[in-house]
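Enquirer: turn this into a model:
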Amino acid sequence: MTSYEFVRGRLRDDAEASRWVSRAIAHAASARRWVVSALTRSALVIALLAFWEIAPRAGLTEAAFLPPVSEVLQAGWELVLNGQLYEHLGASLFRALGGFLIALVLFIPLGLAIGWYRGLGAVLNQIIDVLRNTAPLAILPIFILLLGIGELSKVTMVVYSCAWPLLLNTASAVKQVDPLLVKSARTMGTTQLQLFVKVILPAALPTIFVGVRLASASAILVLIASEMVGAKAGLGYLVIYSQYSFLIPQMYFGILAITGVGLTINFMLERIERRLTRWRPAA
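Expert: Down below sits the predicted model:
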């Protein structure tokens, strides 16, 4: 090997090492920014959890009614070990996701049709107003009487509670599409189907997803309430059973589990919304 080749090889190795170090520094800086951002966003939650742990131990609250968060997590771990958590969580997820998906399939297309065809909206508006102002929990006894206390009544309750946010937001989204977009598409000779698929639906998606996220929250709320009234499994049943049995740490963990399910579903819906609306400028 000549001196020239040796020097050139050393320079190439040094350049590669320099690039590797630069990438490592950039990754470390990015990770540091992410950690700082996560801690900043979660500061209030961390402070609340710290107060929850300290208050019962310091005598600020009665530990029998508000146990430290560490005891709550210990009770949750015991539920994991004996398999009860999986049973209750699986039952609630089956009911909530089943009813939610059925509502999506039924009421988003109906909302699109109501928004697109004004005559259909005029026919259905009165019955929609009557039904959406009837609280789902108020008619829970009717669902139980007609459908029993099994899975069908609970899934139907979820479908009913999800229907109105989906229906109203979807219809409103179609009606609020910028008329200039519709007029411009029509002047370019688009067919009705192309206009709907290429213009109306993409423009309406952000508002539709508002209804989807509201419906997911409503599904969890109504399901938990119905499980408290008549069920033998589910997170709502876990909470009410723990209260009656004075298993207070277990009751609090059931509440935290419900919160975790809601946050997880909301996070997944946000990710799906971002993926489907990538054409929107970043906020």
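
Enquirer: ok, which stretches of the protein are helices?
Expert: Along the chain, the segments classed as helices by DSSP state H run 3-41, 43-57, 69-81, 84-116, 118-132, 140-147, 151-175, 179-187, 192-195, 201-229, 235-244, 248-276.

Enquirer: need those in TSV (columns: distance to Ala63).
Expert: (C-beta placed from N, C-alpha, C; glycine too.) Formatted as TSV, the helices of the chain follow (distance: least, Cβ to Cβ, whole Å):
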stretch	distance to Ala63
helix 3-41	29
helix 43-57	4
helix 69-81	8
helix 84-116	23
helix 118-132	44
helix 140-147	35
helix 151-175	35
helix 179-187	60
helix 192-195	64
helix 201-229	25
helix 235-244	16
helix 248-276	9
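
Enquirer: including mean pLDDT and mean neighbour count, could the ones you listed go into CSV?
Expert: Formatted as CSV, those follow (pLDDT from 0 to 100; neighbours: other Cβ atoms under 10 Å):
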stretch, mean pLDDT, mean neighbour count
helix 3-41, 62, 10
helix 43-57, 85, 13
helix 69-81, 91, 16
helix 84-116, 91, 19
helix 118-132, 83, 12
helix 140-147, 84, 14
helix 151-175, 90, 22
helix 179-187, 79, 12
helix 192-195, 79, 12
helix 201-229, 88, 20
helix 235-244, 91, 21
helix 248-276, 90, 16
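
Enquirer: just checking, Ile258 touches Val239?
Expert: Yes: Ile258 lies in contact with Val239 (Cβ atoms under 8 Å); the separation is 7.4 Å.

Enquirer: gap between Val159 and Arg95?
Expert: Going from Val159 to Arg95 by Cβ to Cβ, to the nearest Å gives 10 Å.

Enquirer: any idea how the protein splits into domains?
Expert: With domains defined by automatic domain parsing, the chain comprises 3-57, 83-276.

Enquirer: in a markdown table: those, plus distance to Val72.
Expert: Formatted as a markdown table, these follow (distance: least, Cβ to Cβ, whole Å):
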| stretch | distance to Val72 |
| --- | --- |
| domain 3-57 | 8 |
| domain 83-276 | 4 |
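
Enquirer: those domains: which one's closest to Phe65?
Expert: Phe65 lies closest to domain 83-276 among the domains of the chain, at 6.5 Å (Cβ to Cβ).

Enquirer: nearest to Val69, of the domains of the chain?
Expert: Of all the domains of the chain, domain 3-57 comes closest under Cβ to Cβ, at 4.6 Å.

Enquirer: now for Ile258 and Val239: what residues contact both?
Expert: Shared contacts of Ile258 and Val239, defined by Cβ atoms under 8 Å, 6 or more residues apart in numbering, are found at Ile224.

Enquirer: nearest to Leu66, out of the domains of the chain?
Expert: Nearest to Leu66, of the domains of the chain and by Cβ to Cβ, is domain 3-57 at 5.6 Å.
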